[in-house]
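Visitor: quick one, structure for this:
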Amino acid sequence: MPVDDVLLDCEEAMDKAVEHLRHGLRAIRTGRASPALVEHLQVEYYGAPTALKSIASISVPEAAQILIKPFSPGDLKAIEKAISDSKIGLTPHSDGKQLRLLLPPLSQERRLQLVGQCKQHAEAAKISIRNARRDANKVLETEQKGGVISEDALTSGKEQVQELTKSYETKADDMIEAKRKEILEV
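Guide: Numbering: from 1, shown residues only. You can find the predicted model right below:
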């Protein structure tokens, strides 16, 4: 396998780790309401777990409120149960046709807990990035031992993999810093 292919595979793996981090951070609550807080919740829908966004429209009419309108009025109870059973800590208020989730203001202690969650997500992403680096370096070493690439190509390839690692870790750090500022903003 040529060095370029190894680098491409490594970059894809690192890209997936950063994308997973981005997706995970969307679900962490900040000072204002966001549909991303609930759209991933699994609702028991005709016996199969289904994402909430597939069976209801989710909107944010006010900064501290999420409005959920089921496409079918019969699904209201199932959605209400899924939200109550979830770990998001919000109580749904029903008027018979739709649900409202009122987000209480975040305390400083809760904000710091959320920042800690962000850091956990970031560390998991960095571990994935480093694992991709390790795998790429192993492939390069195997290719060099097999006589497919030269010693110079091995050294150059490892340096390029390290540069990729640094750039993706920087992306993860930047995302965490932006989310941290968003959470701590009062």
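Visitor: distance of the residue lying farthest from the centre of the chain from residue 19?
Guide: The centre of the chain is farthest from one residue, residue 147, which by Cα atoms, centre = their mean lies 40.3 Å away. Remark: distance between residue 147 and residue 19 (Cβ to Cβ, to the nearest Å) = 36 Å. Every residue, glycine included, has its C-beta placed from N, CA and C.
Visitor: one more: residue 171?
Guide: From residue 171 to residue 19 the distance is 10 Å (Cβ to Cβ).
Visitor: before we move on, what about residue 123?
Guide: Distance, residue 123 to residue 19, using Cβ to Cβ: 16 Å.
Visitor: same question, residue 109
Guide: Using Cβ to Cβ, residue 109 is found at 31 Å from residue 19.
Visitor: what do you get for residue 48?
Guide: As for residue 48, its distance to residue 19 is 26 Å (criterion: Cβ to Cβ).
Visitor: could you do residue 184 as well?
Guide: 25 Å.
Visitor: could you do residue 66 as well?
Guide: For residue 66, the distance to residue 19 (Cβ to Cβ) stands at 24 Å.
Visitor: repeat for residue 76
Guide: Counting by Cβ to Cβ, the gap from residue 76 to residue 19 is 33 Å.
Visitor: show me which of the two is the more surrounded one.
Guide: residue 76 (20 against 11; other Cβ atoms under 10 Å).
Visitor: contact partners for that one?
Guide: The contact partners of residue 76, by Cβ atoms under 8 Å, 6 or more residues apart in numbering, come to 70, 94, 96, 97, 98, 99.
Visitor: for the residues you listed, which one is nearest residue 55?
Guide: The shortest gap between residue 55 and any of the contacts of residue 76 belongs to residue 70, at 6.3 Å (Cβ to Cβ).
Visitor: tell me if I'm right that that closest one and residue 55 touch.
Guide: Yes: in this structure residue 70 lies within contact range of residue 55 using Cβ atoms under 8 Å: 6.3 Å.
Visitor: so what sits against both of the two?
Guide: Common neighbours of residue 70 and residue 55 (criterion: Cβ under 8 Å, 6+ apart): residue 79.
Visitor: buried subset of the contacts of residue 76, written for ChimeraX?
Guide: In ChimeraX, a selection of the buried entries from these looks like this (16 or more other Cβ atoms under 10 Å):
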select :70,98,99
